[in-house]
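>>> need a structure here:
(chains A, B, C and D)
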2 protein chains.
Amino acid sequence: MAVRGRECSIANALAVIGERWSLLALREILLGERRFDRIARNTGASRDILAARLRTLVEAGVLEKRQYERHPPRYEYVPTEAGRALTPILLNLMDWGDRYVTDGPPPTVWRHSCGADLHPRTVCAHCGEPVTEDETSPVRIGPVH
Amino acid sequence: MAVRGRECSIANALAVIGERWSLLALREILLGERRFDRIARNTGASRDILAARLRTLVEAGVLEKRQYERHPPRYEYVPTEAGRALTPILLNLMDWGDRYVTDGPPPTVWRHSCGADLHPRTVCAHCGEPVTEDETSPVRIGPVH
DNA sequence: GTGCAAAGTTGGATTTCACAACCTACTGAG
DNA sequence: CTCAGTAGGTTGTGAAATCCAACTTTGCAC
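You can find the predicted model right below:
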């Protein structure tokens, strides 16, 4: 898709969710918000840009636009499976922000079903050991165009 | 920091790494590239924007700019601890892109030190169980300004 | 018939971005 | 000595995206 640069699923993913307000809109939706006005207020995005981003996300299959009222027509945005699969990314992003950007205590805390406050850890699906930079290495890299 | 919208470490993180080319530059650096020209070519970013992004990342403490040659002055960019801590986010992003965006096989494959091809899984640091949307819930949410 | 709400769209000013060209300071080839 | 090449940017210009406020549409409550 990308005309230039390395062929890479990170670039492809960012083409879908990498615009400025996309991930914040998805954060609100995964927090349970469903409606345009509330997503706009809670993210701070301007309404025209938010409308464009939501349209992109629907076209990409990350969100579904559902009519919940016929007269007058009213719509809500619900995450698809692809949208729900972004939860780990948002939690890792929040954790990184808590550690390295936000001053003071974390503004938002999540709880896991086990009862503990949720701190995400990314592990190798095969062996279960944590993934850190020195435990991983690229074995095949996408070509640069 | 953000004038409006929810107080949230996701927004704070995106203020640092959410610009269009920042994560792709970090991808190259975590793949081992260190030099401006190679990062520019491999990402496809224009040189002026890349220079601005790298400056932001250095100011934010994600990268360190190191002089490796005095005459003429030459610099390389190396990740700090905060930069290396982005590895799980990039791997999760790549995995999501592989699954939901990229057509065909994954362009880039990583290997974990255990020997297997690396597929990241995000788990609860406390109990080790996978983190999915229905196993998590926000318990305290940052206020909206 | 006035006010309110939801879900956007429209117009205009501002800001950012992309692209090519240029600059500085060296190195190596001929 | 001159020319090409490399590294790491900066500058200028025009195109594109963004921000903001106001407006629209459809219905409901008073």
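>>> Now the helix or strand bottoming out on mean pLDDT in chain A: buried residues?
Of all helical and strand segments in chain A, the minimum by mean pLDDT, DSSP states H and E falls on strand A:136-140, at a mean of 90. Within strand A:136-140, the residues scored as buried using 16 or more other CB atoms under 10 Å in any protein chain shown are residue A:136. (C-beta placed from N, C-alpha, C; glycine too.)
>>> just how off-centre is that strand within its chain?
25 Å (CA atoms, centre = their mean, to the nearest Å).
>>> Can you list the strands that that strand pairs with?
In the sheet, strand A:136-140 lines up against strand B:109-112 (antiparallel) (DSSP bridges).
>>> how about the CA coordinates for the strand it pairs with, as CSV?
Taking Å, rounded to 0.1, in the frame of the first residue of the first chain, the C-alpha atoms of strand B:109-112 are listed here in CSV:
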residue,chain,number,x,y,z
VAL,B,109,9.3,-12.1,11.0
TRP,B,110,11.0,-11.9,14.4
ARG,B,111,12.5,-14.6,16.4
HIS,B,112,12.4,-15.0,20.1
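>>> what mean pLDDT would you report for that strand?
Across strand B:109-112, the average pLDDT comes to 95.
>>> swap in stretch A:11-19?
Mean pLDDT, stretch A:11-19: 96.
>>> If you count neighbours, what's buried in that stretch?
In stretch A:11-19, counting by 16+ other CB under 10 Å, buried: A:11, A:12, A:13, A:14, A:16, A:17, A:18, A:19.
>>> can you redo those residues as CSV with distance to residue B:47 and secondary structure?
Formatted as CSV, the buried residues of stretch A:11-19 follow (distance: CB to CB, whole Å; DSSP: H, G, I helix; E, B strand; the rest coil):
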residue, distance to residue B:47, secondary structure
A:11, 18, helix
A:12, 23, helix
A:13, 24, helix
A:14, 20, helix
A:16, 26, helix
A:17, 26, helix
A:18, 20, coil
A:19, 22, coil
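>>> The residues you listed: which ones sit near DNA strand C?
For DNA strand C, no contacts are drawn from the buried residues of stretch A:11-19 by CB under 7 Å from any atom of the strand.
>>> Local confidence estimate at residue A:72?
Residue A:72 is assigned a predicted lDDT (pLDDT) of 86.
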